[in-house]
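**Q** give me the fold of what follows.
(chains A and B)
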Amino acid sequence: MAEILVLVDHADGVVRKPALELLTLARRLGTPVAVVLGAGDAAAGIAAKAGEYGAERVITADAAQFADFLVVPKVDALQQIAGSVNPAAVLVTSSGEGKEIAARLALRLGSGVITDAVDLASSEGGPVATQSVFAASFTVQSRVSHGTPVITVKPNATSPEAAPAAGAVESVAVEFSAAASGTKVTSRTPRVSSGRPELTEAAIVVSGGRGVGAADGFSVVEALADSLGAAVGASRAAVDAGWYPHSNQVGQTGKQVSPQLYIANGISGAIQHRAGMQTSKTIVVVNKDPEAPIFELADFGVVGDLFAVLPQLTDEINTRKG
Amino acid sequence: MSLRIVVCVKYVPDATGDRRFGEDFTTDRDGVDGLLSELDEYGVEQALRIAEASGDAEVTVVTVGPDDAKDALRKALSMGADKAVHVNDDDLHGTDALGTSLVLAKAVEQAGFDLVVCGMASTDGTMGVVPALLAERLGVPQVTLLSEVAVEGGVVTGRRDGDAATEYLQAQLPAVVSVTDQSGEARYPSFKGIMAAKKKPVQSLDLDDLGIEAEQVGLAGAWTAVDSAAARPARTQGTIVKDEGEGGKQLAAFLAAQKFI
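**A** Purely as a prediction, here's the structure:
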């Protein structure tokens, strides 16, 4: 059966959830072969996890270059590994870095590249990707028509499902190109964890917008999020006002999320924001303006003051949890 | 010698308009108003700030697109860019990101550059891969997705806010950078700027001028194919209640019925 290369994204020595989703999707297309780059001592644990989720083989490479320089060392590694494995497709997580790696790899392999797939299916003509485009107002099916398909897949495209496989580990030494040392990473500050789920990976997202009114207004949004074990999001208006960090921005220029439940509070629903959340499965809206366009998307909406509605909802949830 | 900055911009359908596809599944550029991609305004802005800081720089803005794309160039010129290059050729219709990066790379090389500045992504295709592809094709460092950027003494530095970490980057010129919408508010063209832009040179190039064969670009040269594009069914509005003091409890009941709590 054809082998599918999966670049396994990891942070702090732990496999990130979207990588498990990629391995799950890869099994629809062929036999997953995981690639783990620059994991240091954590490589064995990450490889074992990849095996649990269906990787028949796990190819690891370690070198200082992966952390010291931007993007290109990983492209060099994938190009070399693709040359020896000859995969039927290469899957990468759709992050800023993931898309850059995928594009440069595709160009080197003489292959087409598809980004931001929200689903993947197998067909005789190769993998078919589903994409959600124009602020999620259209659904597109596309495929790579030349070379080895290189596809980036958005987080939450599927639920990770374990399917234990051999997970046989092979270590390779990468020969880096001259370009690999072009862009030096002079320092790196890991994001301080809020203790809440990662925005793009969360099953539930609770967001606040202009209606939150001030930075300290977000405390009611956070309290609701914590009662649900949810991530916190913010509209561009709230981020531009300096009330919440840009890393939490949901929208066209922030994160695009597709959770099971999205709760929009004090958000009017400009196209900027809708582009980032309207593929959510269930959408709940709290807004004091009954004319806010976001109500058009709502499965359930409350016209009211979020500072009254949210605390009552949070109390109710905490009571029910008992 | 002065610093040669080239900004790559895209003319896109207005994101607030009714965007759709043509019969060949390419973006319909006729049925909706077009404009300079909002995210490219940040690229123009940072290029102008770098030029101003250097005191001796020339900013050239480049686009690949149909006749109307010159509107995007005019906007960039009215913001303060010095001159423009418009690559326009019927054979470009349907070109994918890889093809676009080829055309841009040839145009940028022909213009001559020390620094290429791009926005983080277009607002229509939203792939965000062209800056990386340009760096690959030009054989220069990519310093991308920057929320802060500076150039000094032939070195570009910047801050990249990634999913897991914030990184500070550094590379020698020549280089390709891309900047995010966090890099700094783009200026509005002044009346003086708008008037001055009318006199600034716009060079028109076709594929021949760049030494690119028609079959390397366009729909036929694309390495990806769209099989179908369908409008997403509109979401049907559910229950909307007015908070009369029980709104939070009503919402809790809905969430419980949906098994979220």
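
**Q** can you give me the helices for chain A?
**A** Along chain A, the stretches classed as helices by DSSP state H are A:17-29, A:43-52, A:65-68, A:72-85, A:96-109, A:218-228, A:236-240, A:271-277, A:306-321.

**Q** the closest residue to B:Gly22 other than its chain neighbours: neighbouring residues, count only.
**A** The spatially closest residue to B:Gly22, leaving aside those adjacent along the chain, is B:Asp28, at 4.7 Å (CB to CB, 6 or more residues apart in numbering or on different chains). All C-beta spots, glycine's among them, are computed from the backbone N, C-alpha and C. Using other CB atoms under 10 Å in any protein chain shown, B:Asp28 has 15 neighbouring residues.

**Q** which residues touch the residue lying closest to A:Thr152 once chain neighbours are set aside?
**A** Distances taken as CB to CB, 6+ apart put A:Ser94 closest to A:Thr152, at 4.1 Å, once the chain neighbours are dropped. For A:Ser94, the contact set (CB atoms under 8 Å, 6 or more residues apart in numbering or on different chains) comprises A:115-117, A:152-155.

**Q** quick one: stretch B:226-242 near chain A?
**A** Yes. Using CB under 8 Å from any CB of the partner chain, stretch B:226-242 reaches chain A at B:226-232, B:234-235, B:237-242.

**Q** now these: which count as buried?
**A** For these, a neighbour count by 16 or more other CB atoms under 10 Å in any protein chain shown gives the buried set as B:226, B:229, B:238.

**Q** specify which member of the residues you listed is nearest to B:Ala51.
**A** B:Val226 (38.8 Å; CB to CB).

**Q** which helices and strands does the lengthiest strand in chain B pack with?
**A** As assigned by DSSP state E, the longest strand anywhere in chain B is strand B:142-152. In terms of contacts (3 or more CB pairs under 8 Å, 6 or more residues apart in numbering or on different chains; DSSP states H and E), strand B:142-152 is packed against helix A:96-109, helix B:38-54, helix B:130-138, strand B:155-161, strand B:165-172, strand B:175-179.

**Q** quick one: the fourth one near chain A?
**A** So the one you mean is strand B:155-161. Yes. On the criterion CB under 8 Å from any CB, strand B:155-161 is in touch with chain A at B:157, B:160-161.

**Q** ok, and the most crowded of these?
**A** B:Arg160 (24 neighbours).

**Q** my guess is that residue meets B:Val149, correct?
**A** No. The pair B:Arg160 / B:Val149 is not scored as a contact, 9.8 Å apart, by CB atoms under 8 Å.

**Q** which parts of stretch A:158-166 are buried?
**A** Result for stretch A:158-166 [16+ other CB under 10 Å]: buried residues A:158, A:160, A:165.

**Q** of the residues of strand B:155-161 next to chain A, just say which sits nearest to chain A.
**A** Nearest to chain A among these: B:Asp161, at 6.6 Å, using CB to the nearest CB.

**Q** returning to what we had before: relative to chain B, which of the contacts of A:Ser94 is nearest.
**A** Nearest member of the contacts of A:Ser94 to chain B, counting by CB to the nearest CB, is A:Thr115, at 4.7 Å.

**Q** contacting residues for the residue nearest to B:Gly22?
**A** Here B:Asp28 is in contact with B:13, B:19-22 (CB under 8 Å, 6+ apart).

**Q** ok, A:Val72 to chain B distance?
**A** Per CB to the nearest CB, to the nearest Å, A:Val72 is found 8 Å from chain B.

**Q** TSV for the buried residues of stretch A:158-166, including distance to A:Val284 and pLDDT?
**A** Below are those laid out as TSV (distance: CB to CB, whole Å; pLDDT from 0 to 100):
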residue	distance to A:Val284	pLDDT
A:Thr158	23	93
A:Pro160	25	95
A:Ala165	39	97
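
**Q** the closest residue in space to A:Glu198 that isn't next to it in sequence: neighbour count?
**A** Leaving aside its chain neighbours, A:Glu198 sits nearest to A:Ala231 (6.7 Å; criterion: CB to CB, 6+ apart). A count of neighbours around A:Ala231, defined by other CB under 10 Å, yields 24.

**Q** my guess is A:Ala231 meets A:Glu222, correct?
**A** No. The pair A:Ala231 and A:Glu222 does not pass the contact test of CB under 8 Å, sitting 10.4 Å apart.

**Q** what's the closest of the buried ones among the residues of stretch B:226-242 next to chain A to A:Pro293?
**A** B:Gly238 (15.1 Å).

**Q** can you get me a residue count around B:Leu48?
**A** B:Leu48: 22 surrounding residues under other CB under 10 Å.

**Q** whoops, I mixed them up, A:Asp240
**A** Using other CB under 10 Å: A:Asp240 sits among 15 other residues.

**Q** what about the chain, any weak spots by pLDDT?
**A** I went with chain A, as the question did not name one. For chain A, the stretches with pLDDT under 70 are A:1.

**Q** let's do chain B instead
**A** In chain B, residues with pLDDT under 70: B:1.

**Q** ok, A:Ala26 touching A:Leu7?
**A** No. A:Ala26 is beyond contact range of A:Leu7, at 10.7 Å (criterion: CB under 8 Å).

**Q** so what sits against both of the two?
**A** In terms of CB under 8 Å, 6+ apart, A:Ala26 and A:Leu7 are both contacted by the residues A:Leu91.

**Q** still on that earlier bit, out of the helices of chain A, the one nearest B:Ile261 is which?
**A** helix A:306-321 (5.2 Å).

**Q** between the buried residues of stretch A:158-166, which is closest to chain B?
**A** A:Pro160 (17.7 Å).

**Q** the biggest strand by length in chain A - contacts with which helices or strands?
**A** In chain A, taking DSSP E as the definition, the longest strand is strand A:113-121. If you count contacts as 3+ CB pairs under 8 Å, 6+ apart, strand A:113-121 packs onto helix A:17-29, helix A:96-109, strand A:128-133, strand A:138-144, strand A:150-153.

**Q** contacts only, for the spatially most central residue of chain A.
**A** Nearest to the geometric centre of chain A sits A:Pro155, at 3.2 Å (CA atoms, centre = their mean). Taking CB under 8 Å, 6+ apart, we find A:Pro155 in contact with A:17-18, A:21, A:93-94, A:198, A:200-201.
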